[in-house]
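Chemist: coordinates only, sequence not included:
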């Protein structure tokens, strides 16, 4: 669809507006989904850590470390949970799910840490680790690592669907705006054709001329004005007045 030169700046302005809407909506969507999913996964990890902490009290009192290891192994099967380890109140590692061994980054970290922290483990990836104290920290701390790669895939999937819909609306809106602009520019083409006919002293009686002349908007008023001016110019002038010396 060809855009009239008179409306090209308007059309480009519409394109820019649509682009700004899409970018701002996408940015807000990405931020909202990322924040929501990250908060949700972190909350679930904290609940898991608290569940393990509550269930391991009797096990720790009986010093049954085999049962403690079996307890944390089953939680690693939950999607998004990559590792779990339990430390004593003295910082000793009582049980863990690391294979083949505990990473050096974990060994150097604060064993009593319970707030969410970002961790980069070589060969494993990026994680957010949360903790939950056992008996208010007197019996140790449970640490749960959430895999950020899984969270990222969830975010990409959720955002991709919304961006796909927004892109469809963008293309549909641009095509609709071009159609509406051309629809508004159609009377200008009819006015131009009428002006060309009048300049060639043709009789404006064609179907297109009648249509533009019958319009009740500014285009119709301008068309009737053009015809009126052309008709006045076509009226022959009267004979010149006789000179006084010719009497």
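Modeler: Nice, thanks for sending it over. Model, not experiment: these values are computed from the prediction.

Chemist: Give me the mean pLDDT for the helix or strand where residue 189 lies.
Modeler: Assigned by DSSP states H and E, residue 189 belongs to helix 148-199. Averaging the model's pLDDT scores along helix 148-199 yields 76.

Chemist: For the protein, name the helix or strand with the lowest mean pLDDT.
Modeler: Ranked by mean pLDDT, DSSP states H and E, the weakest helix or strand in the chain is helix 207-213, scoring a mean of 64.

Chemist: Residue 191 contacts residue 212, doesn't it?
Modeler: Yes: using CB atoms under 8 Å, residue 191 makes contact with residue 212 at a distance of 6.3 Å. From N, CA and C alone the C-beta is placed, and that goes for glycine too.

Chemist: Who has more neighbours out of those two?
Modeler: residue 212 (24 against 17; other CB atoms under 10 Å).

Chemist: Distance check, the more buried one against residue 50.
Modeler: Taking CB to CB, to the nearest Å as the measure, residue 212 falls 77 Å from residue 50.

Chemist: Over to residue 198?
Modeler: With CB to CB as the criterion, residue 198 and residue 50 are 86 Å apart.

Chemist: hmm, back to that, give me the common contacts of residue 191 and residue 212.
Modeler: Each of 219, 223 lies in contact with both residue 191 and residue 212 under the rule CB atoms under 8 Å, 6 or more residues apart in numbering.

Chemist: Can you give me every residue that contacts residue 130?
Modeler: Contacts of residue 130 by CB under 8 Å, 6+ apart are 42, 45, 46, 49, 114, 115, 116, 143, 144, 146.

Chemist: Test my guess that the second one contacts residue 146.
Modeler: This points to residue 45. Yes: contact criterion CB under 8 Å: residue 45 and residue 146 qualify, at 4.7 Å.

Chemist: quick one, domains of the protein?
Modeler: Domain assignment for the chain by automatic domain parsing gives 11-154, 201-235.

Chemist: Go through those domains and pick out the most buried.
Modeler: domain 11-154 (a mean of 16; mean count of other CB atoms under 10 Å).

Chemist: How far does that domain stretch from one end to the other?
Modeler: Taking CA to CA, to the nearest Å, domain 11-154 runs 37 Å from one end to the other.

Chemist: cool, and stretch 57-71?
Modeler: 12 Å.

Chemist: pretty sure residue 214 contacts residue 220?
Modeler: Yes: shown here, residue 214 and residue 220 form a contact pair, counting by CB under 8 Å, at 6.6 Å.

Chemist: got the buried residues for stretch 167-177?
Modeler: Of the residues in stretch 167-177, 170, 173, 177 count as buried by neighbour count, 16 or more other CB atoms under 10 Å.

Chemist: Let's have those residues in CSV, adding distance to residue 76.
Modeler: Below are those laid out as CSV (distance: CB to CB, whole Å):
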residue, distance to residue 76
170, 43
173, 47
177, 53
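
Chemist: Compute the number of surrounding residues for residue 193.
Modeler: 15.

Chemist: Next one: it from residue 229, what distance?
Modeler: 16 Å.

Chemist: Where do the helices of the protein begin and end?
Modeler: For the chain, applying DSSP state H gives helices covering 8-55, 57-61, 65-73, 104-107, 148-199, 207-213, 218-234.

Chemist: between those helices, which one is nearest to residue 87?
Modeler: Residue 87 sits nearest to helix 104-107 of all the helices of the chain, at 9.6 Å, using CB to CB.

Chemist: could I get the helices of the chain as JSON lines with distance to residue 95?
Modeler: Output for those, formatted as JSON lines (distance: least, CB to CB, whole Å):
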{"stretch": "helix 8-55", "distance to residue 95": "10"}
{"stretch": "helix 57-61", "distance to residue 95": "9"}
{"stretch": "helix 65-73", "distance to residue 95": "5"}
{"stretch": "helix 104-107", "distance to residue 95": "13"}
{"stretch": "helix 148-199", "distance to residue 95": "23"}
{"stretch": "helix 207-213", "distance to residue 95": "86"}
{"stretch": "helix 218-234", "distance to residue 95": "83"}
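
Chemist: Thank you kindly, that will do.
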